[in-house]
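J.: The sequence and its predicted three-dimensional model are supplied below.
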Amino acid sequence: PLFRSVILKIMIPMVRAARPTAIGITTSNIFSPSSSPENLFRRKFVKKLSFTILTLVLVAFCLTPLFAGGSQESGNAEAGTGEVYVPPEKAPPTTPKTKSYSPVTSYKHAIVPEGVQVTIGFLLPSQKIERFTRDAEIFTKYAESRGVKVLWEGADYDHAKQLTQVENMLTRGVDVLVIHPVHGDQAGVFVEMAHKEGIPVIASDGVIKHNEVDLFITQDSVAVGKAQAQAYIDMVGKEGKYVIIMGQPGHSVAKLITEGNNMILDKYPGMKLVQQTEHENWSPELAQNTAEDILTREKDDIQAFFCNNSGMANGVLQAVVARGLQGKIFVAGSDADRTMCTNILNYDGVIDVIKWIAPLSIECAEAAIALARGDYNAIKYHSIYEFKDPDGSVPTIVTPVTVVTRDNIQETVIDSNWIADLKK
């Protein structure tokens, strides 16, 4: 009873203070067909206010037992902390952005006025993979320090689940969506759903194939592939039979890393591609199976595996170690997770590439806040990314990557706080 009364004492003044007429909502304009930014915001405010009141009522009257023993943090800020969050990792700077941004004009943006809190919906392919949990943590802490509320979810590499999450975020009244799609080829519908509500969409590190996505912010995946291949040339030589272990079929990151591999390896006639295979859900187990099959078929006569991410590289390395070939076969990954960095210390001929999370997360958060506020002059970008089927292009911001070898792991991984406590 005490908990319920406290909630109600908080809720009632909130509702009175946020009464519709306080922001210009009346019966004459809330049902107006106008799609002006002001009316879009009013409709969205009512949706968000209704959701908030319903949530508070449920908490007060239905969920009291869950909180009887203590509180739980939601991970969402109601106001800025007063000091902008600085991530611990010491990433290299993003190259200067020189191009001025112009908003997509095919829909009316719902602009969030100053003094009203921005809410960002942040959707990732997975909530379990280290690379994505780091992204969510940095993005959330940075946005909250700017006074922004963040709702984030992972989709277990399930496109249908991510579609439901988009619907849920729009129902909850988010002001902008930042999405790393499970299937970029199928994610165009997310843009259409959001734009219908006046909500801008940022594609984060995975292309969404829709010619009206508002912005694409990505790590330099082509540079990742080039760094992997160049490391082999520098460390091993200009000849050898190699395999490319690709990630999710159709995913732009998998395609771009592989493109980077080929840009270097195709220069050397002595480099022979044995097989290039995609792996559903970036699965380490499937990658391990592929490596085992190829090594058996080729009688262990493989000199290199170039893998689109660290998880699959770890799977491949398990197959290599099981056959006693560690140190004899070059294995390259991407993401530089803890397991792969430990492998670099333990085995010869293993490298990875750090795709710095902090620059990506912060660029996404800053752009999302600017789009929500309609502050388009605050957004600068590097280039235009063009794609086919369907034809389209999108303004693009590219963040840095760094190759990791045993020779530079102290500086790049430990001293940079990427993994400060890394040990063999």
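T.: Done, it's in.
J.: Name every strand pairing with whichever strand or helix holds Thr218 and say which way it goes.
T.: Following DSSP states H and E, one finds Thr218 within strand 215-219. If you go by DSSP bridges, strand 215-219 pairs up with strand 201-204 (parallel), strand 392-399 (parallel).
J.: Touching that strand from outside, list them.
T.: 101, 200, 202-208, 253, 355-356, 360, 363-364, 367, 371, 379, 381, 385, 394-401 (CB atoms under 8 Å, 6 or more residues apart in numbering). All C-beta atoms are positioned from the backbone trio N, CA, C, and that covers glycine.
J.: circling back: can you redo the strands paired with strand 215-219 as TSV with mean neighbour count, mean pLDDT and distance to Gly333?
T.: Below are the strands paired with strand 215-219 laid out as TSV (neighbours: other CB atoms under 10 Å; pLDDT from 0 to 100; distance: least, CB to CB, whole Å):
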stretch	mean neighbour count	mean pLDDT	distance to Gly333
strand 201-204	28	98	21
strand 392-399	21	95	18
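J.: Just send those back as JSON lines, with distance to Ile351 too.
T.: Shown next, in JSON lines, are those (distance: least, CB to CB, whole Å):
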{"stretch": "strand 201-204", "distance to Ile351": "26"}
{"stretch": "strand 392-399", "distance to Ile351": "20"}
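J.: quick one: the helices in this protein?
T.: Taking DSSP state H as the criterion, the chain carries its helices at 2-17, 27-30, 37-62, 130-145, 159-171, 188-196, 221-235, 252-265, 284-297, 310-322, 338-346, 357-373, 409.
J.: which of the residues in the fifth one are buried?
T.: In this case it means helix 159-171. Using 16 or more other CB atoms under 10 Å as the test for burial, helix 159-171 gives 159, 161-163, 165-166, 169-170.
J.: With respect to Met312, which of those is nearest?
T.: Within the buried residues of helix 159-171, proximity to Met312 (CB to CB) peaks at His159, which comes in at 19.9 Å.
J.: what's near enough to touch that closest one?
T.: 181-183, 186-187.
J.: quick one: it and Gln303, what's the gap?
T.: According to CB to CB, to the nearest Å, His159 and Gln303 sit 36 Å apart.
J.: same thing with Val112?
T.: With distances taken as CB to CB, Val112 is found 55 Å from Gln303.
J.: Then Pro359?
T.: Distance from Pro359 to Gln303, by CB to CB: 33 Å.
J.: Of those two, which one has the most company?
T.: Pro359 (23 against 19; other CB atoms under 10 Å).
J.: wait, what's in contact with that one?
T.: 91, 93-94, 399-400.
J.: for this protein, what are the low-confidence residue spans?
T.: 1-81 (pLDDT under 70).
J.: now do 90
T.: Residues of the chain that meet the criterion pLDDT under 90 lie in 1-82, 211, 250, 387-392, 424.
J.: I'd like the distance between Val398 and Tyr381.
T.: Applying CB to CB, the value for Val398 to Tyr381 is 9 Å.
J.: Hmm, I typed the wrong one, I wanted Pro200.
T.: 14 Å.
J.: Name the residue in those two with the higher neighbour count.
T.: Shown here are Pro200 and Tyr381; by other CB under 10 Å, Pro200 has more neighbours (25 against 21).
J.: Tell me the spatial nearest neighbour of Lys238, not counting adjacent residues.
T.: Once flanking residues are discounted, Lys238 sits nearest to Tyr268: 4.6 Å by CB to CB, 6 or more residues apart in numbering.
J.: Over to Ile245?
T.: Cys307 (4.2 Å).
J.: how much space between that neighbour and Asn261?
T.: On the measure of CB to CB, Cys307 and Asn261 end up 10 Å apart.
J.: Same question for Val189.
T.: Val189 sits 31 Å away from Asn261, taking CB to CB as the criterion.
J.: Ok, Asp352 next?
T.: 14 Å.
J.: just Ile369 next, same as before
T.: Using CB to CB, Ile369 is found at 36 Å from Asn261.
J.: Between Val189 and Asn261, point out the one with more neighbours.
T.: A count of neighbours by other CB under 10 Å puts Asn261 above the other of Val189 and Asn261, at 29 against 13.
J.: which residues does the closest residue to that one other than its chain neighbours contact?
T.: Nearest residue to Asn261, sequence neighbours excluded (CB to CB, 6+ apart): Gly225, at 4.2 Å. By CB under 8 Å, 6+ apart, Gly225 lies in contact with 256-264, 306.
J.: And the residues you listed, which is closest to Phe122?
T.: Among these, Leu256 lies closest to Phe122 (CB to CB), at 22.2 Å.
J.: wait, doesn't the closest one sit right on Lys226?
T.: No - look at Leu256 against Lys226 with CB atoms under 8 Å: they stay out of range, at 10.3 Å.
J.: Look up the residues forming beta bridges with the closest residue to Ala136 other than its chain neighbours.
T.: Closest residue in space to Ala136, ignoring its immediate chain neighbours: Trp152 at 5.0 Å, by CB to CB, 6+ apart. Bridge pairing for Trp152 (DSSP bridges) gives the partners Phe122.
J.: I'd like to know how far Trp152 sits from Ile208.
T.: According to CB to CB, Trp152 and Ile208 sit 17 Å apart.
J.: swap in Ser102?
T.: Per CB to CB, Ser102 is found 19 Å from Ile208.
J.: The two: which has the busier surroundings?
T.: Ile208 (28 against 9).
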